[in-house]
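Peer 1: sequence first, predicted model second:
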Amino acid sequence: MRLALFQPEIAGNVGAVLRLGACFQVPIHIVEPMGFPWSDKARKRSAMDYDDKVQVTRHADFDAFRACVPGRLILLTTQGGTRLPDAAFQPDDTLLLGSESAGAPDFVHRAADLSVRIPLAAGLRSLNLSVAAGIALGEALRQTNGWPD
């Protein structure tokens, strides 16, 4: 199981996702460009003391990401055709979240093997990116018995 962020814009969200990766032993992939400067200092500040406990791979663009990440690509999107409780996850899946303001572009939607949405109360648009990542990752790990020991 892997988590991936497509062109994230908010350093705090990336930090929270890095912490998820560290705590659940899940590698994190980041598809650039990002909406903020990336440096060792910024990464350590956003990930706090979890920075050295998470595997992070940065990719120059979506094509580079797809070329080196195996398994199915599961796009988490408000436009997903499959509700999270109805999705069937596999251990080698990559859960991909789009940018905070724009989501994922059409070419990313077309590349996804499955598009999944988290059901929300009527009239509400979306969750915070890192919250959505945690909810979806929890369900995927539950289904695949992927929780750390």
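Peer 2: All right, it came through fine.
Peer 1: now this structure, which segments are flagged as low pLDDT?
Peer 2: 39-48 (pLDDT under 70).
Peer 1: so where do the strands sit in it?
Peer 2: 2-6, 28-31, 56-59, 73-76, 82-83, 94-97, 114-117 (DSSP state E).
Peer 1: in a markdown table: those strands, plus mean neighbour count and distance to Ser130.
Peer 2: C-betas here are computed from N, CA, C, even on glycine. Formatted as a markdown table, the strands of the chain follow (neighbours: other Cβ atoms under 10 Å; distance: least, Cβ to Cβ, whole Å):
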| stretch | mean neighbour count | distance to Ser130 |
| --- | --- | --- |
| strand 2-6 | 24 | 9 |
| strand 28-31 | 22 | 11 |
| strand 56-59 | 16 | 15 |
| strand 73-76 | 24 | 12 |
| strand 82-83 | 12 | 21 |
| strand 94-97 | 24 | 9 |
| strand 114-117 | 20 | 17 |
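Peer 1: now the ones you listed in TSV, with distance to Ala16?
Peer 2: Compiled in TSV, these are given as follows (distance: least, Cβ to Cβ, whole Å):
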stretch	distance to Ala16
strand 2-6	11
strand 28-31	11
strand 56-59	13
strand 73-76	15
strand 82-83	24
strand 94-97	12
strand 114-117	20
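Peer 1: next one: Asp52 from Ala22, what distance?
Peer 2: For Asp52, the distance to Ala22 equals 9 Å [Cβ to Cβ, to the nearest Å].
Peer 1: same check, this time on Arg83
Peer 2: 28 Å.
Peer 1: not counting residues beside it along the chain, what's closest to Gly80?
Peer 2: Nearest non-adjacent residue to Gly80, counting by Cβ to Cβ, 6 or more residues apart in numbering: Arg117, 3.4 Å away.
Peer 1: pretty sure Leu95 is touching Gly80, no?
Peer 2: No. Applying Cβ atoms under 8 Å as the test, Leu95 and Gly80 come out as separate, 11.6 Å apart.
Peer 1: which residues does the residue nearest to Gly80 contact?
Peer 2: Counting by Cβ atoms under 8 Å, 6 or more residues apart in numbering, Arg117 touches 76-84.
Peer 1: which residue is the nearest non-sequential neighbour of Lys53?
Peer 2: Leaving aside its sequence neighbours, Lys53 sits nearest to Ala22 (Cβ to Cβ, 6+ apart; 4.0 Å).
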